[in-house]
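Q: Starting from these lines, generate the structure:
(chains A and B)
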Amino acid sequence: MQFSSSARAAEENFDYLFKIILIGDSNVGKTCVVRHFTSGVYAETQQNTIGVDFTVRALEINGKKVKMQVWDTAGQERFRTITQSYYRSAHAAIIAYDLTRRSTFESVPHWIHEIEKYGAANLVIMLIGNKCDMWEKRHVLFEDACTLAEKYGLLAVLETSAKESKNIDEVFVLMARELMARHSLPLYGEGPLGSLPLDSSPVLTAPGPREKSQCTC
Amino acid sequence: MDNSLDNSLPTEFDVIVIGTGLPESILAAACSRSGQRVLHLDSRSYYGGNWASFSFSGLLSWLKEYQQNSDIGEESTAAWQDMIHETEEGITLCKKDETIQHTEVFCYASQDMEDNIEETDDLQKNPSCVASSTLIKPLDSACLSEEMHSLYVSSYEVPAKGTPENNGEVTDIAEILVKEEYCGYKTYKHRVSDGAKDEIKPILEDNSDPPKRNRITYSQIVEEGRRFNIDLVSKLLYSQGLLIDLLIKSNVSRYAEFKNVTRILAFREGKVEQVPCSRADIFNSKELTMVEKRMLMKFLTFCLDYEQHPDEYQAFTQCSFSEYLKTKKLTPSLQHFVLHSIAMMSESSCTTIEGLKATKNFLQCLGRFGNTPFLFPLYGQGEIPQCFCRMCAVFGGIYCLRHKVQCLVVDKESGRCKAIIDHLGQRINAKYFIVEDSYLSEETCSNVQYKQISRAVLITDQSILKTDSDQQISILIVPPVEPGACAVRVTELCSSTMTCMKDTCLVHLTCSSSKTAREDLESVVKKLFTPYAETEIDKEELAKPRLLWALYFNMRDSSGVSRSSYNGLPSNVYVCTGPDCGLGNEHAVKQAETLFNEIFPSEEFCPPPPNPEDVFFDGDDKQPEPLGANTIIIAQPESSEGSKNLESSEKHLQN
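A: Residues are numbered from 1 along each chain as shown, chains lettered A, B, ... in the order given. Predicted coordinates:
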């Protein structure tokens, strides 16, 4: 049980509410991505967000009201001290790296491992390569990201730019659709093993100078 | 991958908190919430100190750390002396944690399965842990301990035969497959009781006799080790207690989920029985006679407002509570229930007033969230300090684990602490310092007397009181056999609390120590459980749950130590104690609030934060969405893990 004081919650009718956590190394633009998604604003210099646990945006998909609650790391990724409870009740995770900094991409397996350790078993994971507006400084090939996504069975890889509003909404809409599909399957978890929808096919999308949308691994 | 670790730490803070146990974490959150710049450090690789919870492999690593018990870190302390000025002096901090003693491990589960199970070593194989040790110069103590540790891993023979390889890539499918296999062993009928929607269980034909019980092997425990969240301190939350109130007030509750303790049990004449305590329980009880029901109802109703009826107890204020109960027209079994299970005042020294007060407190906690007065946090007690740490971080607090502090720097003239010097030789300044007492050196603590807590952790194959549902959370007080000894508190957790694997129970035993933990607790363990054995056992023994694995240890209880007993601590260094022996968390919360008010007398303690959904950023043209943050709505139950959310929202609606 949770001690929500949400008498308000009962009043509004949402068909789905999903908790999505955002992780990845420091300064890869996580907060910019969320901020852009929830408010459509990009700020060049990002102050540490004080006092904000998560941000919310409502989407309408296939006539259903979907509420996306996006949680930020509160800076605890900096010294790798994210609390376990951050992962606990998440339905999905978005791992972000900065495609101009190789090291942030190399940390991705670490973050996947953390999710496996503390998250729910069927958590949906998506990978985003941020700052694709700076493609001329690119240090991570989209192909490498695809290979990694395939290796770990991630849902998708998208290259994004909070600055140029590229692929931000797409990330969350794709995530919302996948979560809706998984959470509306009848008798989920009851049927024989084969019916578990763990094998949803990855959709890999890259925008930018080289047209590379819908690369299916 | 170490890119993020290049970030150097700022060197100016308002408050530095050392230790991530519950009181320190609450304080860190409170300070950060009131606008202070907080640095929160822990020398260990995990949150919580002695308040932590561990996976099975994590617990084994923790044990090894204490069992090796060597003087690590005596070297390389030269650095700090060069860092301080002539007008300053250093107070060194403790290099070795001595709060845990007498650890003993017993494995009863069969170990004869193929030994190809890989063991994940959470504490040591954590990539970030390795990363931090490589950052430090080879001579550094942390690095040494790291090496010694891995040496120890390979020679540690008790149960671990697998290679300590990292198997973090076990896929979900593999786990599910394994689970399915376990189900196949079962030959008795599972009935899913009304409320238990936690897991869908296969129902198999009950056609074999004698009934065979499911067999859990040691390798299965290791393989499913991630499912365990084993608390070092066993506590519950009183549903009207200080911690619940604080969690709700500060909104930290949004980071955690809870389950109600489902049963209060009693142990009388060698048998475990359920104690009816709510009105409904008493009414529905099959064990109590009509007369007993009336007696108990009458007595409990009186206890709820006993202050209004002084004539009922005034003559007995000098008596013990147990003597008083004898005068109240209660049958012996009812006296037992009230004394041990409701008032939980087994000690013969408990007075009538204390007993009445405790009974009233128990009754007042009933019904707020369910049929018993207690709540248990999903994933274990160790979540709670972390939730406060998250709150601290959300308000700008900076976190560093695996970060040792060499000394406090004191200004000779003012006598105040100015800074700390960390293991990297970095000097970090602050105005206030909050230190958990296990970090204080022997010299600082030379006059301090400690108590001890005796603890046992058991993994068993079934509940101590079987019912239709195997998803029960129970608390049992076993009264002392001889007068003067301590009662033993037993908490039994089921797999839906996310603290143990399916088809096992996790049992915590706690009492205040008179001897070593095993000497204090073994007799109770023997009364309630029987060791797992392959061979046939007689019928009476068969009825008892079987022990698969057991751990005993003593933990230092510093809760009674007064600030004045420490030598030479500056006035702006505040000390937090480790866990106390009590059932609730009242001591930790009170301590945090008292210290906070001492440091910042004019600030409010953990006021509610703004609702994240009411926070707007510049240029936000969207309408606010007036929806509470916490209720997770899921259209369909997804799996055993997801269903808790559904259940929780249902429960929420009921309240």
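
Q: Just the pLDDT for residue 5.
A: Went with chain A since none was named. You'll see A:Ser5 listed with a pLDDT of 41.

Q: Chain B was what I was after
A: If you check B:Leu5, the pLDDT there is 45.

Q: just A:His36 next, same as before
A: 86.

Q: for it, helix, strand, or coil?
A: Put simply, A:His36 is helix when judged by DSSP: H, G, I helix; E, B strand; the rest coil.

Q: okay but it is in contact with A:Ile168, surely?
A: Yes - in this structure A:His36 lies within contact range of A:Ile168 using CB atoms under 8 Å: 5.0 Å. Bear in mind the C-beta positions are built from the backbone N, C-alpha and C, glycine included.

Q: Name the residues contacting each of these two.
A: Contact criterion CB atoms under 8 Å, 6 or more residues apart in numbering or on different chains; residues shared by A:His36 and A:Ile168: A:Ala162.

Q: could you point out where the chain is predicted with low confidence?
A: Since no chain was named, I'll use chain A. A:1-12, A:44-49, A:185-217 (pLDDT under 70).

Q: hmm, I had chain B in mind actually
A: In chain B, residues with pLDDT under 70: B:1-7, B:69-78, B:112-214, B:534-542, B:613-655.

Q: The helix or strand where A:Lys151 lies: what's the following helix or strand?
A: Taking DSSP states H and E as the criterion, A:Lys151 maps to helix A:142-152. Downstream of helix A:142-152, the first helix or strand assigned by DSSP H and E is strand A:156-159.

Q: Give me the three-state assignment for the residue of the stretch 151-300 of chain B found nearest chain A.
A: For the stretch 151-300 of chain B and chain A, the shortest gap (CB to the nearest CB) falls at B:Ser253, measuring 4.1 Å. Here B:Ser253 takes the helix state, with states given by three-state DSSP.

Q: That one: neighbouring residues, count only.
A: Neighbour count for B:Ser253, taken as other CB atoms under 10 Å in any protein chain shown: 21.

Q: go on, the one 4 residues further on?
A: If you count neighbours by other CB under 10 Å, B:Glu257 ends up with 24.

Q: Hmm, it is touching B:Pro377, no?
A: Yes - checked against CB under 8 Å, the pair B:Glu257 and B:Pro377 is within contact range at 7.3 Å.

Q: which residue packs closest to residue 18, ignoring adjacent ones?
A: The chain I'm using is chain A. A:His91 (4.6 Å; CB to CB, 6 or more residues apart in numbering or on different chains).

Q: actually chain B
A: B:Ile18 sits nearest to B:Val435 (CB to CB, 6+ apart), 4.7 Å away.

Q: so is that neighbour in a helix, a strand, or just coil?
A: Per three-state DSSP, B:Val435 ends up strand.

Q: Return the set of residues that bridge with it.
A: With DSSP bridges as the criterion, B:Val435 is bridged to B:Ile18, B:Val575.

Q: For B:Phe600, see how far away it is.
A: Distance, B:Val435 to B:Phe600, using CB to CB, to the nearest Å: 17 Å.

Q: again, but for B:Val15
A: B:Val15 is 9 Å from B:Phe600, by CB to CB.

Q: list the residues that contact both of those two?
A: B:Cys31, B:Gln36.

Q: Compare the two (neighbour count), which wins?
A: Counted by other CB under 10 Å, B:Val15 and B:Phe600 do not tie: B:Val15 has more neighbours, with 25 against 18.

Q: surely that one meets B:Ala430?
A: Yes - the pair formed by B:Val15 and B:Ala430 meets the contact definition of CB under 8 Å, at 6.0 Å.

Q: Overlap in contacts, these two.
A: B:Leu39.

Q: any idea how far the closest residue to B:His423 other than its chain neighbours is from B:Ile421?
A: In space, B:His423 comes closest to B:Lys404 once its chain neighbours are excluded; the distance is 3.8 Å by CB to CB, 6+ apart. Remark: distance between B:Lys404 and B:Ile421 (CB to CB) = 10 Å.

Q: Longest helix in chain A, please.
A: Longest helix of chain A, by residue count under DSSP state H: helix A:168-183.

Q: other SSEs contacting it?
A: Helix A:168-183 is packed against strand A:16-23, helix A:30-39, strand A:54-61, strand A:64-71, strand A:92-98, strand A:124-130, strand A:156-159, with contacts defined by 3 or more CB pairs under 8 Å, 6 or more residues apart in numbering or on different chains; DSSP states H and E.

Q: Strand A:16-23 and that helix, what's the angle between them?
A: Counting by axes from the mean of the first three to the mean of the last three CA atoms, to 10 degrees, helix A:168-183 lies at 120 degrees to strand A:16-23.

Q: Report the buried residues of helix A:168-183.
A: Going by neighbour count (16 or more other CB atoms under 10 Å in any protein chain shown), the buried part of helix A:168-183 is A:Ile168, A:Glu170, A:Val171, A:Phe172, A:Leu174, A:Met175, A:Ala176, A:Glu178, A:Leu179, A:Met180, A:Arg182, A:His183.

Q: how near is B:Met391 to A:Ala120?
A: For B:Met391, the distance to A:Ala120 (CB to CB) stands at 23 Å.

Q: One more: B:Glu413?
A: Using CB to CB, B:Glu413 is found at 56 Å from A:Ala120.

Q: Between those two, tell me which one has more neighbours.
A: Each of B:Glu413 and A:Ala120 has its neighbours counted (other CB under 10 Å); A:Ala120 has more, 21 against 8.

Q: wait, that one sits on A:Ala90?
A: Yes - contact criterion CB under 8 Å: A:Ala120 and A:Ala90 qualify, at 7.2 Å.

Q: With that, I have no additional questions.
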